[in-house]
Each structure stands twice: as structure tokens, then as C-alpha cells.
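>>> Take a look and give me a structure for this.
(one chain, ligands or ions: 2)
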Amino acid sequence: MTIKVLIGDSLAPGAIDIFKARGIEVDVKVGLSQDELADIIGDYDGLAVRSACKPNAAVFAKADKLKVVGRAGIGVDNIDIPAATAKGVAVMNTPFGNAVTTAEHAIAMLFAAARQIPAASARTQNGEWPKKDYVGTELFAKTLGLIGAGNIGSLVAERALGIKMKVVAFDPYLTEERAVELGVEKVELDELLARADAITLHTPLTDQTRNILSRENLGKTKKGVIIVNCARGGLVDEEALKDLLDNGHITAAALDVFETEPAKEHALFGTRGFIATPHLGASTVEAQDNVAFQVAEQMADYLLTGAVSNALNMPSITAEEAPRLKPFAELAEKLGEFAGQISTEGFDAVEIDYEGEVCELNRKPLTSAALAGIMRASMKDVNMVSAPTVLKERGIDLKESTQEDSDTYDSLIRIKVRVGGKWRTIAGTIVNGQSRIVAVKDMALEAKFRPFILFINNNDEAGFIGSLGSILGEAGVNIATFNLGREEQGGDAIAMVGIDQDVPAEAMAKIEALTQVRYAKVLRF
Ligand SMILES: NC(=O)c1ccc[n+]([C@@H]2O[C@H](COP(=O)([O-])OP(=O)(O)OC[C@H]3O[C@@H](n4cnc5c(N)ncnc54)[C@H](O)[C@@H]3O)[C@@H](O)[C@H]2O)c1
Ligand SMILES: O=C(O)[C@H](O)COP(=O)(O)O
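Residues are numbered from 1 along each chain as shown. Ligands and ions are numbered 1, 2, ... in the order given. Got it, this is the predicted structure:
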């Protein structure tokens, strides 16, 4: 089956070569509106974007084949991740590929602001020679206030220390040890505002960081401060920034990012001391090659092998793990489908036990696969990306346990689903690379998964198998496999009948009416 990816943003052309080399068809359509994207997204298994292409809930609603959105870059605020997750679409980014380039842009903006290079350059080239108008500020021995000391913030700190600035950092998630390692002083925001000669921002835009440089906070800065934002629009109050540049409290400000982009008109444009670049932070040949190649490899890995790197809405699976996990993920999903199909009245708790060698594997994806299987009976489109979120939203308890020894099998996965206070249990293993059911309701048996399994819970009484065989025979249903399990002679028993066709309703009614039968259902896999 052909796998197709849409590149919906300006990615370095090497990405196309990578997809093609791995047998993936590629279309490139840059500049689509959300409506236009929604119209065509149904054809694609993957979508690669930067920050201009903005897949929203309406796009995901139509993304019936889509499995992955890859962000060639860091910020994913242009992607509706909850909508992607609900649709079962993995969202991945490339967290490091453009970090050095962006840190360099922040430092370049800092120098440009301190010496007003863009304005001086423009006027010089205009024939003015305005030497007296541009007395700048030395950065040596000044204090840089970093807001956000993650990947880019840390790189900016290293570079600022290199030019002999002192660096203070506000980042609630920065540990004292990491601060020492970076050579920065960890401070609270108010202290940073009071001490910094220049402030650079390096956080994502979140509810906590939105407007972090508000009018009030900008008012707490030192007179003459320089502000640089190469992170996200919305972190700085742009109106207040203009007022404080106009009244001279802020000497200079450099923005690469704006609250509304593209920013083709803005009150700040033309303001004394103001520098703007059009979201160029990541725009170097090196960074664009890094992120485009990386996102193409990551997307291709996921689409072709199931390996997951840098996903924001599902656990990682390395390329080495993927082939080892695959049979267990299939087993977990099938066991989940079994449990889900016999629990359609609604369940309020799930337990998953891992026993034996499977305990050594990365179990997160296995649990996600099991949950997807369980919920598929009641939700058509759920998959291992969306299942954990759906489970949480429904308030269903999940417990996992591991036991490194397994009595009978090298590995065993047991799934328990609680319905009306009672647990329904199914366990399975892998035999010769194939999924096998090895216990139902703790009754041992060994059965393969087949497209149709007639599952019966019955009393272990004579005559049942004969009656069942006759009914199926009369209905023209061929039996492919037949596996039995029971608690004890004459007690609770199960029958798993692998059949080649579905059972007609009339025959099903006859089976349900047999005196030995407590429960019967055709399960589909
Ligand atoms: N201008 C560009 O072209 C460009 C390029 C790359 C990245 N970016 C943006 O730069 C930002 C930083 O990227 P990164 O790779 O360093 O991310 P990162 O996740 O490595 O670092 C972000 C840091 O922000 C900190 N943080 C979170 N909430 C905070 C808060 N309330 N106050 C202070 N700190 C907080 C985190 O603890 C983390 O250390 C992102 O928004 C990214 O999208 C912009
Ligand atoms: O978050 C990022 O990676 C940057 O904002 C870069 O965005 P771009 O890929 O649109 O240049």
C-alpha cells in the first residue's frame, strides 16, 4: 500500500529525498489555508510542517488516514495537539536541530540592539553618516536576564558568558545543579527584572508564560534595559513595549516573533530603538537541513517501522525496540480487543499484568496498544496515540504490574477489565512470533486469534459440544479451530471456536438458548 506524505510548509528539499528514498510518496503544497488543507488531508498518512501551516481541529476531523504530523522545528503551538491526539495522530518535533541557530540569532539581536546596527546601517547607506546618533552600550560585564533556560536559553547563556556578561536566569524548572553547571545564577522573576541590563526570552508560549513581560513587569526593569524575544509572540506586551521605547525607559528592543504573524503592519514598526526580523530565528541553511532531515527520518521511521522519536503525545519507541515490541504490541492490542468486546456494557477499571521477558521491554506503548484494543469495541477510531487520553477523560482507573518470572511462558500479558464490579480476564503470549490466547477467566487453553471467534462461556456438561456443532453445521458455519478450557469437571467452562464465517442471528439465538450456555458472542479481530 502506498504511503503518502504532504509537506505543507517550506522545508529544506532534502526532506523530499529522504521520504522518496524510503519509498514514501511526497506532495509539496505550501501556503494552503486551513480549509484547503482540510479538503486534501484525507489522502495523506503524514503531514510535515514548520510554523506557517496550522493544522487545526477541522483539519484533523478530516484526517482519516493521517498517522503523524512532523514539525520541522521546535514550537508546536501551530498544531492542535489535543485534536491530533483525539484522532490518533502522533505529533513529533525536532527539539534540538535549530537551537544553536536560534541562540545565535538571539545573540545577534542583542548586539544589534546594543549598537543599533540596523538603523545605523540604513542611514549610513542613505548617505547620512550619522556617527553622533549611535552611541551604543557595551555588553561586557553587563547582566543578561534569561527567561527560560532550556535548550536555547542554555546556549544563549554559554555565548553571553563567552562575551563576559553575567547571566541570571528565571526558569521554575531549572535546578540549582544545572544552574551551576551552566554558570548562571538562578533567580526569581522580580529579581531578574530588577537586575538585568538586557533580557532575552526562551520559553514556549503557555498559560504561565503568556505576557510574562507584561506592562507591569516591563515597568520593573532597569532604565536603559534591552529586550530581545526570539521565542514566541505573546510573551511580551507589545503595546507596553512601544510606550516604554517611546519614553526612553527601554533603550532598545528586538523581536523576531510577534503576537500575530505574519506581522506586516505593526505599531512598533519605525519606533526608535526597535529592531524586527520576520521569525528568522531558525533560518540558517544548517538548521533547516537539520530539522528537515530529522523530521523526515522520524516520520518515515514511524510510518514504516512504528519507531517513535520526539513525539509530544505518545511514548518514544526506538528503532531497535520497534521490531521487538511489534509482536507484543499486536498481542496487547488483540487481547485488549477481546476484553473490550466482552465488556461492552461499560467498564470502570483496567489492569494490565506483564510477566516474564516482556517486563524488560518498554511497556508504555504496549499498555497504550492494549487500551486502544479495549476501547475499539466502543470507539471506532481509537488507537495507541489517543487511547490513554480517552481513558483519562472517561475517568477509568488503570493499573499496571510486572512480575519478572513467568510460570509457564517466556512472556505473558494479562488484561483485566472491570465491568459491574466483576473482572473479565484474558491472557496471552507469543508463540513463533504469533499472538496466542492462553487463558480466559483464568482457565487455561491455547487459541490463535482468527477473524471470527465464537466465544462461549458455558457449564461443563455433556452434550454441549455436539449441540453446538450441529447448530453451526446447519447454519453453514465452518469450524476452523476449537479450544476448550474449564475450571473443573462440571464447573465453569469456556469454548473458543475459530470459525470461517460470521454466525447468522438465528443460529446465534439457538446457541444462546442451549441450557449449558451462559454467554455467547462472536468476536471479530
Ligand atoms: N524564533 C524562532 O525561530 C525560534 C526557533 C526555535 C525555537 N523557538 C522557540 O523558542 C522557545 C524555546 O525553545 P527551547 O528549545 O529552548 O525550548 P525548551 O523546552 O528546551 O526550553 C524552554 C524552557 O522554558 C522554561 N519555562 C517553561 N515555563 C516557564 C515559565 N513559566 N517561566 C520561565 N521559564 C519557563 C522551561 O523550563 C524550559 O527550560 C520555544 O518557544 C520555541 O518554539 C523560536
Ligand atoms: O519553534 C521553532 O522551531 C521556530 O519558531 C522556527 O519556526 P519556523 O520553522 O517556522 O522558522
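>>> Just list the residues touching the residue of the stretch 301-450 of the chain found nearest ligand 1, thanks.
Taking Cβ to the nearest ligand atom, ligand 1 has its nearest neighbour within the stretch 301-450 of the chain at residue 312, 11.1 Å off. From N, CA and C alone the C-beta is placed, and that goes for glycine too. Shown in contact with residue 312 (Cβ atoms under 8 Å, 6 or more residues apart in numbering): 76, 81, 91, 92, 93.
>>> Please convert the residues you listed to a markdown table, extending it with distance to ligand 1 and pLDDT.
Formatted as a markdown table, the contacts of residue 312 follow (distance: Cβ to the nearest ligand atom, whole Å; pLDDT from 0 to 100):
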| residue | distance to ligand 1 | pLDDT |
| --- | --- | --- |
| 76 | 8 | 93 |
| 81 | 14 | 94 |
| 91 | 14 | 96 |
| 92 | 14 | 96 |
| 93 | 9 | 95 |
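>>> Just put these in JSON lines and tack on secondary structure.
Converted to JSON lines, these look like this (DSSP: H, G, I helix; E, B strand; the rest coil):
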{"residue": "76", "secondary structure": "coil"}
{"residue": "81", "secondary structure": "helix"}
{"residue": "91", "secondary structure": "strand"}
{"residue": "92", "secondary structure": "strand"}
{"residue": "93", "secondary structure": "coil"}
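>>> Which residues are in contact with the residue in the stretch 101-250 of the chain positioned nearest to ligand 1?
Nearest residue of the stretch 101-250 of the chain to ligand 1 (Cβ to the nearest ligand atom) works out as residue 150 at 1.9 Å. Residue 150 sits next to 171, 202, 203 when contact means Cβ under 8 Å, 6+ apart.
>>> Let me have those in CSV, adding neighbour count, distance to ligand 2 and pLDDT as columns.
CSV is the format used below for the contacts of residue 150 (neighbours: other Cβ atoms under 10 Å; distance: Cβ to the nearest ligand atom, whole Å; pLDDT from 0 to 100):
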residue, neighbour count, distance to ligand 2, pLDDT
171, 22, 18, 95
202, 28, 11, 98
203, 23, 12, 96
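>>> and the protein, which of its residues are near ligand 1?
Neighbours of ligand 1 within the chain, by Cβ under 6 Å from any ligand atom: 74-75, 95, 98-99, 102, 147-153, 170-173, 202-204, 206, 208-209, 230-232, 256-257, 279, 281-282.
>>> one step back: out of the contacts of residue 312, who's nearest residue 218?
Checking those against residue 218 by Cβ to Cβ gives residue 76 as the nearest, at 27.5 Å.
>>> what about the closest residue to the closest one other than its chain neighbours, neighbour count?
Leaving aside its sequence neighbours, residue 76 sits nearest to residue 93 (Cβ to Cβ, 6 or more residues apart in numbering; 5.4 Å). Using other Cβ atoms under 10 Å, residue 93 has 24 neighbouring residues.
>>> Next: residue 1.
Residues near residue 1, counting by other Cβ under 10 Å, number 4.
>>> ok, now the one 3 residues further on?
The burial metric for residue 4, expressed as a neighbour count using other Cβ under 10 Å, is 16.
>>> so it makes contact with residue 45?
Yes - counting by Cβ atoms under 8 Å, residue 4 touches residue 45, with 5.7 Å between them.
>>> next SSE after the helix or strand where residue 354 lies?
Using DSSP states H and E, residue 354 sits within strand 349-356. Counting by DSSP H and E, the element after strand 349-356 in chain order, helix or strand, is helix 363-376.
>>> between that following helix and strand 349-356, how many degrees?
Calculated by axes from the mean of the first three to the mean of the last three Cα atoms, to 10 degrees, helix 363-376 forms an angle of 140 degrees with strand 349-356.
>>> now for helix 363-376, which elements pack on it?
Secondary-structure packing of helix 363-376 (3 or more Cβ pairs under 8 Å, 6 or more residues apart in numbering; DSSP states H and E): helix 321-341, strand 349-356, helix 387-393, strand 397-403, strand 411-419.
>>> Now do the strands for the stretch 51-200 of the chain: every range, in order, please.
Applying DSSP state E, counting those that start in this stretch to the stretch 51-200 of the chain gives strands spanning 68-71, 90-92, 143-147, 166-170, 185-186, 198-201.
>>> Please apply the same query to the stretch 401-525 of the chain.
Using DSSP E, counting those that start in this stretch, strands in the stretch 401-525 of the chain cover 411-419, 422-431, 434-440, 443-448, 452-459, 479-486, 492-499, 517-524.
>>> Nearest approach to residue 250 belongs to which of these?
That would be strand 411-419 among the strands of the stretch 401-525 of the chain, by Cβ to Cβ, at 60.1 Å.
>>> Put the alpha carbons of the closest one into PDB.
C-alpha atoms of strand 411-419 as PDB (Å, rounded to 0.1, in the frame of the first residue of the first chain):
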ATOM      1  CA  SER A 411       6.300 -13.800  28.400                       C
ATOM      2  CA  LEU A 412       2.700 -13.300  29.300                       C
ATOM      3  CA  ILE A 413       0.400 -10.300  29.100                       C
ATOM      4  CA  ARG A 414      -2.800 -10.400  31.200                       C
ATOM      5  CA  ILE A 415      -5.600  -7.900  30.700                       C
ATOM      6  CA  LYS A 416      -8.300  -7.400  33.300                       C
ATOM      7  CA  VAL A 417     -11.300  -5.200  32.700                       C
ATOM      8  CA  ARG A 418     -13.800  -4.500  35.500                       C
ATOM      9  CA  VAL A 419     -17.500  -4.500  34.500                       C
END
